[in-house]
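Novice: my questions concern the predicted model and sequence given below.
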Amino acid sequence: MMKLTTKEFVETYGTIEQRESYERTGKLATRTKNSIMKSIEKDYIVEIQKEGRNSFYIVTKREVPRLDNYEDCMEVILCTMLDREPNNQIVVTTSYIMENFGVVNDKYYKVKRLSKDNKEGYCKINELSLENFHLICNDTTLRDKVDYTLKKLEDRRVCRIDRTYRVSYCIESVGEDGEITNRVAKTYTPSETLINKILEEEYLYLSSLDEKASMASLIKQGKMIQFQNTMNLRLKDSILQELYKNIKLKENEEIKFNFYYKAKVITSTETIMKVEKAKTYYQKAIQTLNELSVQTMQKKVNDRKCDLNGKITTIEQLDKFKLDGNKLIDLLVKISD
């Protein structure tokens, strides 16, 4: 803890312009004071103590820096994960980030991936409107927040992000009786030729729906699982052909293709990790990021107005939407203590 005069406070924490302004006038304007306090509030608690006509600034370093935004939280979590990996690199999907960074809880994607009948059953058990379930679970607000924040971290050169495809498959060992005796899960990085094939098939599928159809529109319409299933079926033979060509197998082994997916290759360096290692509040960052996500979705749900051109056209529908929305936030976003 430090007790600083106004001059010492400005000289220690002010910018060059703020220090020069104080030197000229001998006064600390309220706007400048607030600006300095805001610039250091992440790492310090500042209290102003009056003694007669003089002001003193009691500056105390926080044990854990104040985390109140997506960028700070995700930076801590991401760099902790990168530091644990060889070459400071991870290959992940956006859904993996959302679940493992604490943006949503571990039920979110399990429920989103339920079959139509099972989703209806889930809604019935929890007294939810199926229509509201789709409106809220197909909302891309949190996904967009994650992608935007990753872009900001890349712009600050905390990391480099490359987009790629990965193939999930298994190597199965088959006994003499034809039964599977062992199964090992693997991932494969497809060749440029196969990636181009995937891109072409995805383009043809989207073009068949609508000239302006996009991956984002599929997510919002709740058609992503249908798209993925169709693509995996169309590309299965091409993918298996490349897998068998490039993977060495024993006589009793076979390849089972599971699915392909888009992934982010996130990379940093040892030098950057040495700086980031000082941030040892990983669990706090996950907890705070989840709280921010809950607040984001609560605002989204509770600020919703009747949409005359959409699904919600009456006050009764709006009330039910808000009720279902807050219930789903508790069920699928909020991480229980």
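Specialist: Okay, I see it.

Novice: beyond the lowest-mean-pLDDT helix or strand in the chain, next helix or strand please.
Specialist: In the chain, the helix or strand scored least confidently by mean pLDDT, DSSP states H and E is helix 215-220, which has a mean of 83. Going down the chain from helix 215-220, the next helix or strand is helix 224-246, by DSSP states H and E.

Novice: quick one on the thing from earlier: buried residues, the least confident helix or strand of the chain. List them.
Specialist: Leu218 (16 or more other C-beta atoms under 10 Å). All C-beta spots, glycine's among them, are computed from the backbone N, C-alpha and C.

Novice: for the residue located most distally from the centre of the chain, grab phi and psi.
Specialist: What lies farthest from the middle of the chain is Gly52; by C-alpha atoms, centre = their mean that is 50.5 Å. When read as degrees, to the nearest 10, the backbone of Gly52 gives phi 70, psi -130.

Novice: per-residue pLDDT, it?
Specialist: Looking at Gly52, its pLDDT stands at 89.

Novice: which strands and helices sit next to whichever strand or helix holds Leu323?
Specialist: Applying DSSP H and E as the criterion places Leu323 in helix 315-328. Secondary-structure packing of helix 315-328 (3 or more C-beta pairs under 8 Å, 6 or more residues apart in numbering; DSSP states H and E): helix 130-137, helix 282-302.

Novice: tell me which residues in the last one are buried?
Specialist: Pointing back at helix 282-302 there. For helix 282-302, a neighbour-count test (16+ other C-beta under 10 Å) marks 285-294, 296-298, 301 as buried.

Novice: any chance of those residues in JSON lines with distance to Glu8 as columns?
Specialist: JSON lines is the format used below for the buried residues of helix 282-302 (distance: C-beta to C-beta, whole Å):
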{"residue": "Ala285", "distance to Glu8": "32"}
{"residue": "Ile286", "distance to Glu8": "37"}
{"residue": "Gln287", "distance to Glu8": "35"}
{"residue": "Thr288", "distance to Glu8": "32"}
{"residue": "Leu289", "distance to Glu8": "36"}
{"residue": "Asn290", "distance to Glu8": "39"}
{"residue": "Glu291", "distance to Glu8": "35"}
{"residue": "Leu292", "distance to Glu8": "35"}
{"residue": "Ser293", "distance to Glu8": "40"}
{"residue": "Val294", "distance to Glu8": "40"}
{"residue": "Thr296", "distance to Glu8": "39"}
{"residue": "Met297", "distance to Glu8": "44"}
{"residue": "Gln298", "distance to Glu8": "42"}
{"residue": "Val301", "distance to Glu8": "47"}
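
Novice: where along the stretch 101-250 of the chain do the strands fall?
Specialist: Using DSSP state E, counting those that start in this stretch, the strands assigned to the stretch 101-250 of the chain run over residues 160-174, 180-188.

Novice: now do the first one against strand 180-188, angle only.
Specialist: Computed with axes from the mean of the first three to the mean of the last three C-alpha atoms, to 10 degrees, the direction of strand 160-174 lies at 160 degrees from that of strand 180-188.

Novice: coming back round to it: mind checking how far the helix holding Leu323 is from the chain centre?
Specialist: The chain centre lies 25 Å from the centre of helix 315-328; the measure is C-alpha atoms, centre = their mean, to the nearest Å.

Novice: now swap in stretch 127-144 and tell me
Specialist: With C-alpha atoms, centre = their mean as the basis, stretch 127-144 stands 17 Å off its chain's centre.

Novice: then stretch 267-286?
Specialist: Its chain's average C-alpha position is 17 Å from that of stretch 267-286, according to C-alpha atoms, centre = their mean.

Novice: ok, residues contacting that stretch?
Specialist: With contact meaning C-beta atoms under 8 Å, 6 or more residues apart in numbering, stretch 267-286 is reached by 64-65, 67, 72-77, 79-80, 82-83, 87-89, 101-102, 157-162, 335.

Novice: inside helices: which ones of these?
Specialist: Among the contacts of stretch 267-286, DSSP state H puts Asp72, Cys73, Met74, Glu75, Val76, Ile77, Cys79, Thr80, Leu82, Asp83 in helices.

Novice: the fourth one: neighbouring residues, count only.
Specialist: Applying other C-beta atoms under 10 Å, we find 21 residues neighbouring Glu75.
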